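Peer 1: sharing a sequence plus its predicted fold:
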Amino acid sequence: MLKCRIRASGYTFAEAAAVAGVSSSCLSNKLAGRHRFSASEAVKLGQFLGLDMEQMAACFLEEKK
């Protein structure tokens, strides 16, 4: 879901990674579910993408199936 949000925003993954304060490869690992986002990374990305609290919860808190 977060990958789609980044693509739809018109920003690149590199720009999103910079906002979160991580490398592009780290963001890729987090988007793939290999690592979790920290709370501060989630907040920064959520604000950057204009997500509301419900959308942020869906992107960052719900378990991947």
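Peer 2: Structure received. For clarity, every value in this text was computed on a predicted model and none was experimentally measured.
Peer 1: for K30, see how far away D52 is.
Peer 2: 21 Å (C-beta to C-beta, to the nearest Å). Any C-beta I mention is one placed from the backbone N, CA and C, and that applies to glycine too.
Peer 1: do A42 as well
Peer 2: Distance from A42 to K30, by C-beta to C-beta: 10 Å.
Peer 1: all strands of the chain, in order?
Peer 2: In the chain, no strands are defined using DSSP state E.
Peer 1: hey, which helix is longest across it?
Peer 2: helix 39-49 (DSSP state H).
Peer 1: contacts for it, please.
Peer 2: The contact list for helix 39-49, computed with C-beta atoms under 8 Å, 6 or more residues apart in numbering, reads 2, 5-6, 9, 11, 16, 19-22, 30, 37, 51, 55-56, 59-60.
Peer 1: out of these, which are buried?
Peer 2: Among the contacts of helix 39-49, those buried by neighbour count (16 or more other C-beta atoms under 10 Å) are 2, 5-6, 16, 19-20, 22, 30, 37, 51, 56, 59-60.
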